[in-house]
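*Asks:* Quick one: sequence and predicted model below, then my questions.
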Amino acid sequence: EGFFTYDPGFVATAATESAITYIDGANGVLLHRGYPIDQLANSSNYVEMSYLLLFGELPTDEQYKEFEKTIRYHTMVHEQIANFYKGFRRDAHPMAIMCGVVGGLAAFYHDHLDITREEDRYISAIRLIAKMPTLAAMSYKYNIGQPFNYPRNNLNYAENFLYMMFGNPAEEYVINPVFAKAMDRIFMLHADHEQNASTSTVRLAGSTGANPFACISAGIAALWGPAHGGANEAVLNMLDEIGDDSEENIQRFVDRAKDKDDPFRLMGFGHRVYRNFDPRAKVMKETCDEVLSELGMADDPQLKIAKRLEQIALEDEYFIERKLYPNVDFYSGIILKAIGIPTNMFTVIFAVSRTIGWISHWHEMISGSYRIGRPRQLYTGYTERDYPTKE
Ligand code: CMC
(Lines give C-alpha, C1' and ligand atoms only; values in the text may rest on other atoms or scores of the structure.)
Protein backbone atom coordinates (compact mmCIF):
# COMPACT_ATOMS: atom_id res chain seq x y z
CA GLU A 1 0.00 0.00 0.00
CA GLY A 2 1.18 3.50 -0.77
CA PHE A 3 3.61 2.52 -3.53
CA PHE A 4 2.33 2.89 -7.08
CA THR A 5 3.76 3.07 -10.55
CA TYR A 6 3.61 6.71 -11.60
CA ASP A 7 2.76 7.00 -15.30
CA PRO A 8 1.20 10.35 -16.22
CA GLY A 9 -0.62 10.15 -19.56
CA PHE A 10 -0.46 6.32 -19.43
CA VAL A 11 2.58 6.17 -21.70
CA ALA A 12 3.64 2.75 -20.42
CA THR A 13 0.63 1.23 -18.69
CA ALA A 14 -1.74 -1.32 -20.23
CA ALA A 15 -5.11 -0.96 -18.53
CA THR A 16 -6.81 -3.89 -20.24
CA GLU A 17 -6.48 -6.89 -22.51
CA SER A 18 -8.21 -6.55 -25.87
CA ALA A 19 -8.56 -8.64 -29.03
CA ILE A 20 -10.01 -5.92 -31.27
CA THR A 21 -7.23 -3.75 -32.67
CA TYR A 22 -3.46 -4.17 -32.93
CA ILE A 23 -1.09 -1.25 -33.48
CA ASP A 24 2.66 -1.52 -34.08
CA GLY A 25 3.61 2.15 -33.83
CA ALA A 26 7.25 1.67 -34.81
CA ASN A 27 6.34 0.05 -38.12
CA GLY A 28 3.11 1.88 -38.95
CA VAL A 29 0.92 -1.24 -38.66
CA LEU A 30 -2.80 -1.12 -37.81
CA LEU A 31 -4.85 -4.34 -37.80
CA HIS A 32 -8.54 -4.74 -36.95
CA ARG A 33 -9.23 -8.31 -35.80
CA GLY A 34 -6.07 -9.17 -37.74
CA TYR A 35 -6.97 -7.46 -41.02
CA PRO A 36 -4.73 -4.56 -42.22
CA ILE A 37 -6.51 -1.20 -42.33
CA ASP A 38 -5.53 -0.49 -45.95
CA GLN A 39 -7.09 -3.78 -47.12
CA LEU A 40 -10.28 -3.05 -45.19
CA ALA A 41 -10.42 0.55 -46.46
CA ASN A 42 -10.02 -0.61 -50.06
CA SER A 43 -12.26 -3.70 -50.04
CA SER A 44 -14.72 -3.57 -47.12
CA ASN A 45 -17.33 -1.02 -46.09
CA TYR A 46 -18.20 0.61 -42.78
CA VAL A 47 -21.13 -1.67 -41.95
CA GLU A 48 -19.18 -4.86 -42.66
CA MET A 49 -16.27 -3.48 -40.66
CA SER A 50 -18.65 -2.71 -37.79
CA TYR A 51 -19.72 -6.36 -37.74
CA LEU A 52 -16.06 -7.41 -37.74
CA LEU A 53 -15.13 -5.10 -34.86
CA LEU A 54 -18.15 -6.03 -32.77
CA PHE A 55 -18.19 -9.81 -33.30
CA GLY A 56 -14.56 -10.61 -34.17
CA GLU A 57 -15.07 -12.23 -37.59
CA LEU A 58 -16.15 -11.03 -41.03
CA PRO A 59 -19.83 -11.83 -41.62
CA THR A 60 -21.02 -14.48 -44.08
CA ASP A 61 -23.20 -13.07 -46.88
CA GLU A 62 -26.31 -13.97 -44.91
CA GLN A 63 -25.03 -12.49 -41.65
CA TYR A 64 -24.05 -9.31 -43.49
CA LYS A 65 -27.48 -8.94 -45.08
CA GLU A 66 -29.21 -9.41 -41.75
CA PHE A 67 -26.88 -7.00 -39.88
CA GLU A 68 -27.07 -4.34 -42.59
CA LYS A 69 -30.84 -4.55 -42.71
CA THR A 70 -31.12 -4.27 -38.93
CA ILE A 71 -29.02 -1.10 -38.96
CA ARG A 72 -31.00 0.34 -41.88
CA TYR A 73 -34.26 -0.14 -39.96
CA HIS A 74 -33.02 1.52 -36.76
CA THR A 75 -31.94 4.84 -38.25
CA MET A 76 -34.99 6.84 -37.13
CA VAL A 77 -34.96 8.52 -33.73
CA HIS A 78 -37.85 9.04 -31.33
CA GLU A 79 -39.83 12.06 -32.50
CA GLN A 80 -39.50 13.68 -29.08
CA ILE A 81 -35.74 13.95 -29.68
CA ALA A 82 -36.44 16.71 -32.22
CA ASN A 83 -37.82 18.79 -29.33
CA PHE A 84 -34.70 18.07 -27.31
CA TYR A 85 -32.62 19.73 -30.09
CA LYS A 86 -34.88 22.74 -30.03
CA GLY A 87 -33.74 23.57 -26.49
CA PHE A 88 -30.26 24.43 -27.77
CA ARG A 89 -29.17 27.76 -29.20
CA ARG A 90 -29.03 27.65 -33.00
CA ASP A 91 -25.37 28.71 -32.95
CA ALA A 92 -24.30 25.95 -30.53
CA HIS A 93 -21.28 23.92 -31.63
CA PRO A 94 -22.63 20.61 -32.97
CA MET A 95 -20.27 18.67 -30.67
CA ALA A 96 -21.89 20.41 -27.67
CA ILE A 97 -25.28 19.28 -28.96
CA MET A 98 -23.99 15.72 -29.52
CA CYS A 99 -22.63 15.47 -25.95
CA GLY A 100 -26.09 16.30 -24.63
CA VAL A 101 -28.28 14.42 -27.07
CA VAL A 102 -26.37 11.12 -27.06
CA GLY A 103 -26.21 11.13 -23.25
CA GLY A 104 -29.96 11.74 -23.33
CA LEU A 105 -30.65 8.65 -25.47
CA ALA A 106 -30.87 6.52 -22.33
CA ALA A 107 -33.99 8.54 -21.50
CA PHE A 108 -35.59 7.39 -24.77
CA TYR A 109 -34.27 3.85 -25.17
CA HIS A 110 -34.44 2.45 -21.64
CA ASP A 111 -36.38 -0.67 -22.62
CA HIS A 112 -33.16 -2.66 -23.18
CA LEU A 113 -30.67 -1.27 -20.69
CA ASP A 114 -29.88 -4.43 -18.70
CA ILE A 115 -26.19 -4.62 -19.54
CA THR A 116 -25.88 -8.15 -18.16
CA ARG A 117 -28.12 -9.41 -21.01
CA GLU A 118 -26.40 -10.10 -24.35
CA GLU A 119 -29.59 -9.21 -26.24
CA ASP A 120 -29.86 -5.80 -24.56
CA ARG A 121 -26.23 -5.01 -25.29
CA TYR A 122 -26.78 -5.94 -28.93
CA ILE A 123 -29.90 -3.79 -29.29
CA SER A 124 -28.19 -0.78 -27.71
CA ALA A 125 -25.17 -1.27 -30.00
CA ILE A 126 -27.40 -1.41 -33.09
CA ARG A 127 -29.32 1.66 -31.97
CA LEU A 128 -26.13 3.63 -31.47
CA ILE A 129 -24.53 2.64 -34.79
CA ALA A 130 -27.77 3.26 -36.70
CA LYS A 131 -28.83 6.51 -35.03
CA MET A 132 -25.52 8.37 -34.78
CA PRO A 133 -25.55 9.61 -38.42
CA THR A 134 -29.18 10.76 -37.94
CA LEU A 135 -28.31 12.65 -34.75
CA ALA A 136 -25.19 14.16 -36.35
CA ALA A 137 -27.11 15.39 -39.40
CA MET A 138 -29.82 16.80 -37.12
CA SER A 139 -27.23 18.87 -35.24
CA TYR A 140 -26.15 20.35 -38.60
CA LYS A 141 -29.68 21.02 -39.82
CA TYR A 142 -30.52 22.68 -36.52
CA ASN A 143 -27.44 24.91 -36.86
CA ILE A 144 -28.34 26.14 -40.33
CA GLY A 145 -32.06 26.49 -39.65
CA GLN A 146 -33.33 23.82 -42.04
CA PRO A 147 -35.90 21.14 -41.18
CA PHE A 148 -34.59 17.79 -39.98
CA ASN A 149 -34.40 15.18 -42.71
CA TYR A 150 -35.77 11.72 -41.88
CA PRO A 151 -33.48 8.85 -42.92
CA ARG A 152 -34.34 6.83 -46.05
CA ASN A 153 -34.22 3.06 -45.83
CA ASN A 154 -33.38 2.64 -49.51
CA LEU A 155 -29.99 4.28 -48.98
CA ASN A 156 -26.82 2.73 -47.58
CA TYR A 157 -25.07 4.05 -44.46
CA ALA A 158 -22.87 6.70 -46.09
CA GLU A 159 -25.50 7.73 -48.66
CA ASN A 160 -28.10 8.13 -45.96
CA PHE A 161 -25.80 10.38 -43.97
CA LEU A 162 -25.16 12.61 -47.00
CA TYR A 163 -28.87 12.69 -47.77
CA MET A 164 -29.80 13.70 -44.20
CA MET A 165 -27.07 16.38 -44.24
CA PHE A 166 -27.70 17.92 -47.63
CA GLY A 167 -31.17 16.93 -48.80
CA ASN A 168 -34.09 19.28 -48.22
CA PRO A 169 -37.84 19.01 -48.84
CA ALA A 170 -37.76 21.56 -51.67
CA GLU A 171 -35.74 19.58 -54.18
CA GLU A 172 -34.56 16.12 -55.20
CA TYR A 173 -31.11 15.35 -53.74
CA VAL A 174 -28.85 13.42 -56.08
CA ILE A 175 -26.13 11.51 -54.26
CA ASN A 176 -22.68 11.83 -55.76
CA PRO A 177 -21.14 8.31 -55.67
CA VAL A 178 -17.63 9.77 -55.27
CA PHE A 179 -18.76 11.58 -52.12
CA ALA A 180 -20.53 8.49 -50.77
CA LYS A 181 -17.45 6.31 -51.28
CA ALA A 182 -15.15 8.91 -49.70
CA MET A 183 -17.55 9.29 -46.76
CA ASP A 184 -17.62 5.55 -46.18
CA ARG A 185 -13.84 5.44 -46.27
CA ILE A 186 -13.57 8.26 -43.73
CA PHE A 187 -15.96 6.29 -41.48
CA MET A 188 -13.78 3.17 -41.86
CA LEU A 189 -10.47 4.93 -41.24
CA HIS A 190 -11.73 6.37 -37.94
CA ALA A 191 -13.64 3.29 -36.78
CA ASP A 192 -11.29 2.11 -34.03
CA HIS A 193 -7.84 2.79 -32.61
CA GLU A 194 -7.47 0.64 -29.48
CA GLN A 195 -7.07 2.44 -26.14
CA ASN A 196 -7.04 6.09 -27.27
CA ALA A 197 -8.28 8.80 -24.88
CA SER A 198 -11.97 8.57 -25.83
CA THR A 199 -12.09 4.76 -25.92
CA SER A 200 -10.34 4.61 -22.54
CA THR A 201 -12.94 7.09 -21.29
CA VAL A 202 -15.75 4.84 -22.54
CA ARG A 203 -14.16 1.83 -20.81
CA LEU A 204 -13.65 3.74 -17.56
CA ALA A 205 -17.25 4.96 -17.55
CA GLY A 206 -18.45 1.47 -18.55
CA SER A 207 -16.45 -0.17 -15.76
CA THR A 208 -18.88 1.36 -13.27
CA GLY A 209 -21.80 -0.43 -14.93
CA ALA A 210 -23.14 2.77 -16.51
CA ASN A 211 -25.44 2.29 -19.52
CA PRO A 212 -23.91 2.33 -23.03
CA PHE A 213 -25.54 5.63 -24.08
CA ALA A 214 -24.00 7.39 -21.07
CA CYS A 215 -20.62 5.76 -21.79
CA ILE A 216 -20.62 6.81 -25.45
CA SER A 217 -21.49 10.38 -24.52
CA ALA A 218 -18.47 10.37 -22.20
CA GLY A 219 -16.41 9.22 -25.21
CA ILE A 220 -17.81 12.05 -27.33
CA ALA A 221 -16.77 14.58 -24.68
CA ALA A 222 -13.22 13.21 -24.61
CA LEU A 223 -13.04 13.16 -28.40
CA TRP A 224 -13.88 16.85 -28.67
CA GLY A 225 -10.45 18.13 -27.56
CA PRO A 226 -8.04 19.47 -30.20
CA ALA A 227 -5.34 16.95 -29.18
CA HIS A 228 -7.74 14.11 -30.14
CA GLY A 229 -10.75 14.25 -32.50
CA GLY A 230 -10.88 18.02 -32.56
CA ALA A 231 -7.64 17.95 -34.58
CA ASN A 232 -9.37 17.61 -37.98
CA GLU A 233 -11.25 20.85 -37.38
CA ALA A 234 -8.06 22.46 -36.08
CA VAL A 235 -6.14 21.41 -39.24
CA LEU A 236 -8.53 23.30 -41.50
CA ASN A 237 -8.51 26.34 -39.23
CA MET A 238 -4.70 26.21 -39.32
CA LEU A 239 -4.63 25.99 -43.15
CA ASP A 240 -6.98 28.98 -43.26
CA GLU A 241 -4.71 30.89 -40.92
CA ILE A 242 -1.61 30.07 -43.00
CA GLY A 243 -3.56 31.47 -45.94
CA ASP A 244 -1.08 31.22 -48.84
CA ASP A 245 1.36 28.59 -49.99
CA SER A 246 4.44 30.79 -50.33
CA GLU A 247 7.57 29.14 -48.98
CA GLU A 248 8.41 31.82 -46.39
CA ASN A 249 4.85 31.98 -45.09
CA ILE A 250 4.65 28.22 -44.47
CA GLN A 251 8.17 28.24 -43.00
CA ARG A 252 7.02 30.89 -40.52
CA PHE A 253 4.31 28.53 -39.19
CA VAL A 254 6.72 25.57 -39.08
CA ASP A 255 9.13 27.75 -37.06
CA ARG A 256 6.32 28.70 -34.69
CA ALA A 257 5.52 25.00 -34.14
CA LYS A 258 9.17 24.42 -33.16
CA ASP A 259 9.26 27.35 -30.76
CA LYS A 260 8.76 26.07 -27.21
CA ASP A 261 7.56 29.50 -26.03
CA ASP A 262 4.76 29.44 -28.60
CA PRO A 263 1.81 27.09 -27.83
CA PHE A 264 1.17 26.64 -31.57
CA ARG A 265 1.58 23.05 -32.82
CA LEU A 266 1.25 21.70 -36.33
CA MET A 267 -2.25 20.28 -36.17
CA GLY A 268 -2.57 16.87 -37.83
CA PHE A 269 1.05 16.07 -36.99
CA GLY A 270 2.36 13.62 -34.41
CA HIS A 271 0.84 10.68 -32.62
CA ARG A 272 1.36 9.03 -29.25
CA VAL A 273 1.75 5.55 -30.71
CA TYR A 274 2.88 5.99 -34.33
CA ARG A 275 6.53 6.90 -34.37
CA ASN A 276 6.84 6.01 -38.03
CA PHE A 277 3.95 6.88 -40.35
CA ASP A 278 0.24 6.63 -39.58
CA PRO A 279 -1.09 3.94 -41.98
CA ARG A 280 -4.49 5.64 -41.95
CA ALA A 281 -2.92 8.89 -43.17
CA LYS A 282 -1.53 7.08 -46.22
CA VAL A 283 -4.98 5.84 -47.31
CA MET A 284 -6.52 9.20 -46.41
CA LYS A 285 -4.00 11.03 -48.60
CA GLU A 286 -4.77 8.73 -51.56
CA THR A 287 -8.51 9.25 -51.03
CA CYS A 288 -7.97 13.01 -50.85
CA ASP A 289 -6.09 13.04 -54.18
CA GLU A 290 -8.75 10.79 -55.74
CA VAL A 291 -11.71 12.88 -54.58
CA LEU A 292 -10.21 16.23 -55.52
CA SER A 293 -9.12 15.09 -58.96
CA GLU A 294 -12.53 13.52 -59.65
CA LEU A 295 -14.10 16.81 -58.66
CA GLY A 296 -11.65 18.80 -60.77
CA MET A 297 -10.31 20.45 -57.60
CA ALA A 298 -6.72 19.19 -57.73
CA ASP A 299 -5.54 22.83 -57.52
CA ASP A 300 -7.42 23.49 -54.29
CA PRO A 301 -5.43 26.17 -52.43
CA GLN A 302 -5.75 24.45 -49.06
CA LEU A 303 -4.53 21.17 -50.52
CA LYS A 304 -1.52 23.00 -51.94
CA ILE A 305 -0.72 24.53 -48.55
CA ALA A 306 -1.18 21.12 -46.86
CA LYS A 307 1.18 19.37 -49.30
CA ARG A 308 3.86 22.04 -49.06
CA LEU A 309 3.56 22.13 -45.27
CA GLU A 310 3.96 18.34 -45.13
CA GLN A 311 7.06 18.53 -47.34
CA ILE A 312 8.73 21.30 -45.34
CA ALA A 313 7.98 19.66 -41.98
CA LEU A 314 9.15 16.21 -43.09
CA GLU A 315 12.53 17.66 -44.11
CA ASP A 316 12.96 19.59 -40.87
CA GLU A 317 15.38 18.29 -38.19
CA TYR A 318 12.88 19.07 -35.39
CA PHE A 319 10.15 16.86 -36.86
CA ILE A 320 12.60 14.14 -37.98
CA GLU A 321 14.20 13.87 -34.54
CA ARG A 322 10.85 13.66 -32.77
CA LYS A 323 9.40 11.28 -35.37
CA LEU A 324 6.45 13.55 -36.09
CA TYR A 325 4.50 12.55 -39.21
CA PRO A 326 1.10 13.57 -40.58
CA ASN A 327 -1.67 11.66 -38.81
CA VAL A 328 -5.13 10.56 -40.01
CA ASP A 329 -6.58 14.01 -39.51
CA PHE A 330 -4.14 15.87 -41.70
CA TYR A 331 -6.00 15.00 -44.91
CA SER A 332 -9.48 14.02 -43.75
CA GLY A 333 -10.53 17.65 -43.32
CA ILE A 334 -9.70 18.52 -46.90
CA ILE A 335 -11.85 15.64 -48.17
CA LEU A 336 -14.73 16.60 -45.89
CA LYS A 337 -14.51 20.19 -47.05
CA ALA A 338 -14.59 19.06 -50.70
CA ILE A 339 -17.76 17.09 -49.94
CA GLY A 340 -19.28 20.29 -48.59
CA ILE A 341 -19.17 19.44 -44.87
CA PRO A 342 -18.66 22.55 -42.72
CA THR A 343 -15.58 22.59 -40.48
CA ASN A 344 -17.51 22.49 -37.20
CA MET A 345 -19.00 19.11 -38.25
CA PHE A 346 -15.63 17.36 -38.73
CA THR A 347 -15.30 16.13 -35.16
CA VAL A 348 -18.95 15.07 -35.14
CA ILE A 349 -18.18 12.84 -38.13
CA PHE A 350 -15.22 11.40 -36.23
CA ALA A 351 -17.66 10.64 -33.38
CA VAL A 352 -20.07 8.90 -35.77
CA SER A 353 -17.21 6.75 -37.11
CA ARG A 354 -15.70 5.95 -33.71
CA THR A 355 -19.02 4.85 -32.23
CA ILE A 356 -18.45 1.29 -33.45
CA GLY A 357 -14.98 1.25 -31.86
CA TRP A 358 -16.34 2.57 -28.56
CA ILE A 359 -19.24 0.15 -28.48
CA SER A 360 -17.04 -2.83 -29.45
CA HIS A 361 -14.64 -2.07 -26.59
CA TRP A 362 -17.52 -1.53 -24.17
CA HIS A 363 -19.08 -4.84 -25.28
CA GLU A 364 -15.75 -6.69 -25.01
CA MET A 365 -15.31 -5.39 -21.47
CA ILE A 366 -18.85 -6.02 -20.23
CA SER A 367 -19.03 -9.54 -21.70
CA GLY A 368 -15.75 -10.52 -20.02
CA SER A 369 -14.56 -10.08 -16.46
CA TYR A 370 -13.74 -6.53 -15.42
CA ARG A 371 -13.21 -4.37 -12.38
CA ILE A 372 -14.10 -0.76 -11.82
CA GLY A 373 -11.35 1.49 -13.22
CA ARG A 374 -9.85 3.36 -10.32
CA PRO A 375 -6.45 5.03 -10.92
CA ARG A 376 -4.32 5.99 -7.92
CA GLN A 377 -2.38 9.23 -7.43
CA LEU A 378 0.82 10.64 -6.00
CA TYR A 379 -0.42 13.07 -3.38
CA THR A 380 1.43 16.42 -3.48
CA GLY A 381 -0.72 18.51 -1.12
CA TYR A 382 -0.38 19.51 2.54
CA THR A 383 0.36 16.96 5.21
CA GLU A 384 -2.13 16.95 8.08
CA ARG A 385 -2.62 20.32 9.82
CA ASP A 386 -5.00 21.69 12.43
CA TYR A 387 -8.02 23.80 11.64
CA PRO A 388 -7.28 27.25 13.16
CA THR A 389 -9.06 27.81 16.44
CA LYS A 390 -11.42 30.75 16.32
CA GLU A 391 -11.41 33.51 18.99
N1 CMC B 1 3.82 20.20 -33.57
C2 CMC B 1 4.97 20.56 -32.98
N3 CMC B 1 5.60 19.82 -32.04
C4 CMC B 1 5.03 18.68 -31.66
C5 CMC B 1 3.80 18.23 -32.23
C6 CMC B 1 3.19 19.04 -33.21
N7 CMC B 1 2.04 18.66 -33.77
N8 CMC B 1 3.45 17.04 -31.67
C9 CMC B 1 4.42 16.75 -30.79
N10 CMC B 1 5.39 17.73 -30.78
C11 CMC B 1 6.64 17.74 -30.00
C12 CMC B 1 6.38 18.08 -28.54
O13 CMC B 1 6.48 19.48 -28.31
C14 CMC B 1 7.48 17.30 -27.86
O15 CMC B 1 8.69 18.03 -28.04
P16 CMC B 1 9.83 18.02 -26.88
O17 CMC B 1 10.24 16.60 -26.74
O18 CMC B 1 10.89 18.93 -27.40
O19 CMC B 1 9.15 18.55 -25.65
C20 CMC B 1 7.61 16.04 -28.68
O21 CMC B 1 7.15 16.41 -30.01
C22 CMC B 1 6.75 14.85 -28.19
O23 CMC B 1 5.39 15.30 -28.10
P24 CMC B 1 4.37 14.95 -26.93
O25 CMC B 1 3.43 16.08 -26.75
O26 CMC B 1 5.13 14.46 -25.74
O27 CMC B 1 3.62 13.71 -27.59
P28 CMC B 1 2.29 13.05 -27.09
O29 CMC B 1 2.39 11.62 -27.43
O30 CMC B 1 2.03 13.41 -25.65
O31 CMC B 1 1.15 13.78 -27.96
C32 CMC B 1 -0.26 14.32 -29.79
C33 CMC B 1 0.65 13.26 -29.13
C34 CMC B 1 -1.01 13.71 -30.96
C35 CMC B 1 -1.27 14.84 -28.76
C36 CMC B 1 0.63 15.51 -30.27
O37 CMC B 1 1.54 15.04 -31.26
C38 CMC B 1 -0.18 16.69 -30.82
O39 CMC B 1 -0.58 17.56 -30.04
N40 CMC B 1 -0.44 16.74 -32.17
C41 CMC B 1 -1.28 17.76 -32.76
C42 CMC B 1 -2.76 17.41 -32.55
C43 CMC B 1 -3.21 16.27 -33.44
O44 CMC B 1 -2.98 16.24 -34.64
N45 CMC B 1 -3.93 15.30 -32.82
C46 CMC B 1 -4.57 14.18 -33.56
C47 CMC B 1 -4.00 12.86 -33.20
S48 CMC B 1 -4.48 11.56 -34.34
C49 CMC B 1 -6.19 11.48 -34.25
C50 CMC B 1 -6.67 11.05 -32.89
O51 CMC B 1 -6.27 9.99 -32.39
O52 CMC B 1 -7.53 11.73 -32.34
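*Replies:* Nice, I can see it. The structure presented is a predicted model; accordingly, all values stated were derived computationally and were not measured.
*Asks:* what about whatever residue of the chain ends up closest to the ligand, how many residues close to it?
*Replies:* Per CB to the nearest ligand atom, Gly270 is where the chain lies closest to the ligand, at 2.4 Å. Glycine gets a C-beta too; all of them are placed from N, C-alpha and C. As a burial measure, Gly270 scores 20 neighbours (other CB atoms under 10 Å).
*Asks:* can you list the residues of this structure near the ligand?
*Replies:* Applying CB under 6 Å from any ligand atom, we find that the chain lies next to the ligand at 193, 196, 227-229, 231, 257, 265-272, 322, 324, 327-329.
*Asks:* Could you give me the PyMOL syntax to select whichever of those are buried?
*Replies:* Entered in PyMOL, the line below selects the buried ones among the residues of the chain next to the ligand, by 16 or more other CB atoms under 10 Å:
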select buried, resi 193+196+228+229+231+257+265+266+267+268+269+270+271+324+327+328+329
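*Asks:* what are the ranges of the strands in this protein?
*Replies:* 21-24, 29-32, 35-36 (DSSP state E).
*Asks:* Using JSON lines, please lay out those together with mean neighbour count.
*Replies:* Output for the strands of the chain, formatted as JSON lines (neighbours: other CB atoms under 10 Å):
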{"stretch": "strand 21-24", "mean neighbour count": "17"}
{"stretch": "strand 29-32", "mean neighbour count": "20"}
{"stretch": "strand 35-36", "mean neighbour count": "14"}
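*Asks:* Would you format these as CSV with mean pLDDT and distance to Arg127 included?
*Replies:* Compiled in CSV, these are given as follows (pLDDT from 0 to 100; distance: least, CB to CB, whole Å):
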stretch, mean pLDDT, distance to Arg127
strand 21-24, 97, 23
strand 29-32, 97, 22
strand 35-36, 98, 26
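*Asks:* mind putting those in JSON lines, distance to Gln311 included?
*Replies:* What follows is the strands of the chain, written out as JSON lines (distance: least, CB to CB, whole Å):
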{"stretch": "strand 21-24", "distance to Gln311": "26"}
{"stretch": "strand 29-32", "distance to Gln311": "24"}
{"stretch": "strand 35-36", "distance to Gln311": "27"}
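*Asks:* of all the ones you listed, which lies closest to His110?
*Replies:* strand 21-24 (30.4 Å; CB to CB).
*Asks:* other SSEs contacting the closest one?
*Replies:* Using 3 or more CB pairs under 8 Å, 6 or more residues apart in numbering; DSSP states H and E, the elements in contact with strand 21-24 are strand 29-32.
*Asks:* and if we set it to 10 Å?
*Replies:* strand 29-32, helix 346-367 (3 or more CB pairs under 10 Å, 6 or more residues apart in numbering; DSSP states H and E).
*Asks:* Give the buried residues for the last one.
*Replies:* Right, helix 346-367. Going by neighbour count (16+ other CB under 10 Å), the buried part of helix 346-367 is 346-366.
*Asks:* that older thread, isn't the residue of the chain closest to the ligand right up against Asp278?
*Replies:* Yes - counting by CB atoms under 10 Å, Asp278 is a contact partner of Gly270 at 9.5 Å.
*Asks:* Common neighbours of the two, please.
*Replies:* 325-327 (CB atoms under 10 Å, 6 or more residues apart in numbering).
*Asks:* Run through the bridge partners of Asn168.
*Replies:* With DSSP bridges applied, Asn168 shows beta-bridge pairing to Glu171.
*Asks:* ok, His74 - contacts?
*Replies:* Contact partners of His74, counting by CB under 10 Å, 6+ apart, are 123, 126-131, 134, 151.
*Asks:* Helices - which of those land there?
*Replies:* Within the contacts of His74, residues falling in helices by DSSP state H are 123, 126-131, 134.
*Asks:* Now restrict those residues to buried residues only.
*Replies:* Burial by neighbour count, judged by 16+ other CB under 10 Å, picks out 123, 126-131, 134 from the ones in helices among the contacts of His74.
*Asks:* List the contacts of Gly100.
*Replies:* Taking CB under 10 Å, 6+ apart, we find Gly100 in contact with 84-85, 87-88, 92, 139, 217, 220.
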